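1. Got a predicted structure plus its sequence, pasted below:
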Amino acid sequence: MKKFLTALLFVPLLAFASSEVHLDKAPDRSGDNAALQRGAKTFVNYCLNCHSASYMRYNRLTDIGLSDGQIKENLLFTAEKVGEPMKVALQRADGRIFFGAAPPDLTVIARARGSESGSGADWLYTYLRGFYRDSERPTGWNNTVFPNVGMPHVLWELQGDQVQGEHHKLELANPGKLSPKEYDSMVADLVGYLNYMGEPAAEARKRLGGFVLLGLLLLFILTYALKREYWKDVH
């Protein structure tokens, strides 16, 4: 009886584990300014209509190689000055009416979606490639990673129409403007940018960390040399 009750405690955990979705590994775009710039362009054109990034300012894009003039001319659609945050006009109440839930702010979405099964970047990379046609959903779309999601597939013209085939495997029924390889690369750039927004100073911090470790190594060498010089006449 005791063993039976103990086994019951693990039933919810087993059910959760069995329903966990496999996440594809997202290509690493950190430090690749060209890829991050492409990702920023996709974000502004396709995501920033509904999702805000209110803790990210446009002028932080200068860290990935863009000038204020380039930002203002090509990316500044929801603000007047490059020093403003990436906000949208959509109100949360309207979002709940349109989609059933208010679109979340995406500033730290890559960090928020991290789990034991994979990083937040892996989750986003798999999610944005996991939409498929579902006539039973209000938007006409469903998702393998986020079942019954309220968000429509805003990138469908680029990817095309996916449908679920045998064993729930996704198949491309109607091609989009991009080939599957091109679409995956575009999503990787977008996810790289979303990951960058969560901590824009990450690359600078890593570089600084390297210099700090080098300085500590030099200090250790000097300290050891001083110690040997001080104790050389002590027997």
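-> Done, it's in. Worth saying up front: this structure is predicted, and the values here are computed from it rather than measured.

2. how about low-confidence regions in this structure?
-> Residue ranges of the chain with pLDDT under 70: 1-20, 116-117, 202-206, 235.

3. just the strands in it please.
-> With DSSP state E as the criterion, the chain has strands at 53-57, 85-86, 131-133, 141-143, 160-164, 170-175.

4. Quick check: which of the ones you listed is buried the most?
-> With neighbours defined as mean count of other C-beta atoms under 10 Å, the strands of the chain peak in mean count at strand 85-86, which reaches a mean of 22. Bear in mind the C-beta positions are built from the backbone N, C-alpha and C, glycine included.

5. Pairing partners for it, with directions?
-> strand 53-57 (antiparallel) (DSSP bridges).

6. Name the surrounding residues that touch the strand it pairs with.
-> For strand 53-57, the external contacting residues (C-beta atoms under 8 Å, 6 or more residues apart in numbering) are 43, 82-87, 105-108, 197, 200.

7. just how off-centre is the helix ranked longest in the chain within its chain?
-> Longest helix in the chain by number of residues (criterion: DSSP state H): helix 202-231. Centre-to-centre, helix 202-231 and its host chain are 35 Å apart (C-alpha atoms, centre = their mean, to the nearest Å).

8. Please apply the same query to stretch 186-197.
-> Using C-alpha atoms, centre = their mean, the offset of stretch 186-197 from its chain centre is 6 Å.

9. In contact with residue 59, which residues?
-> Counted by C-beta under 8 Å, 6+ apart, residue 59 has contacts 68, 71, 82-83.

10. actually residue 48, not the one I wrote
-> Counted by C-beta under 8 Å, 6+ apart, residue 48 has contacts 77-78, 86, 88.

11. Sort out which of those are buried, if you could.
-> 78, 86, 88 (16 or more other C-beta atoms under 10 Å).

12. The first one contacts residue 90, doesn't it?
-> Put plainly, it is residue 78. No - between residue 78 and residue 90 there is no contact, the gap being 10.1 Å when judged by C-beta atoms under 8 Å.

13. on that earlier part again, who wins for proximity to residue 189 among the strands of the chain?
-> strand 53-57 (15.9 Å; C-beta to C-beta).

14. How far off centre is that closest one?
-> Per C-alpha atoms, centre = their mean, the centroid offset for strand 53-57 relative to its chain is 15 Å.

15. can you check stretch 130-150 too?
-> 20 Å.

16. For it, buried residues please.
-> 130-134, 141-146, 149-150.

17. From the residues you listed, pick the one nearest residue 172.
-> residue 132 (9.8 Å).

18. beta partners of the closest one?
-> residue 142.

19. Now do it against residue 21, distance only.
-> 13 Å (C-beta to C-beta, to the nearest Å).

20. Give me the common contacts of these two.
-> Common neighbours of residue 132 and residue 21 (C-beta under 8 Å, 6+ apart) are residue 144.

21. circling back: next, give me the two most distant ones among the contacts of strand 53-57.
-> 82 and 108 (21.2 Å).

22. Counting neighbours, what do you get for residue 197?
-> 24 (other C-beta atoms under 10 Å).

23. So it is in contact with residue 107, correct?
-> Yes - contact status for residue 197 versus residue 107: in contact at 5.5 Å, counting by C-beta under 8 Å.

24. got the buried residues of stretch 130-150 as JSON lines, with distance to residue 56 columns?
-> Below are the buried residues of stretch 130-150 laid out as JSON lines (distance: C-beta to C-beta, whole Å):
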{"residue": "130", "distance to residue 56": "25"}
{"residue": "131", "distance to residue 56": "25"}
{"residue": "132", "distance to residue 56": "30"}
{"residue": "133", "distance to residue 56": "32"}
{"residue": "134", "distance to residue 56": "32"}
{"residue": "141", "distance to residue 56": "27"}
{"residue": "142", "distance to residue 56": "29"}
{"residue": "143", "distance to residue 56": "25"}
{"residue": "144", "distance to residue 56": "28"}
{"residue": "145", "distance to residue 56": "24"}
{"residue": "146", "distance to residue 56": "23"}
{"residue": "149", "distance to residue 56": "23"}
{"residue": "150", "distance to residue 56": "23"}
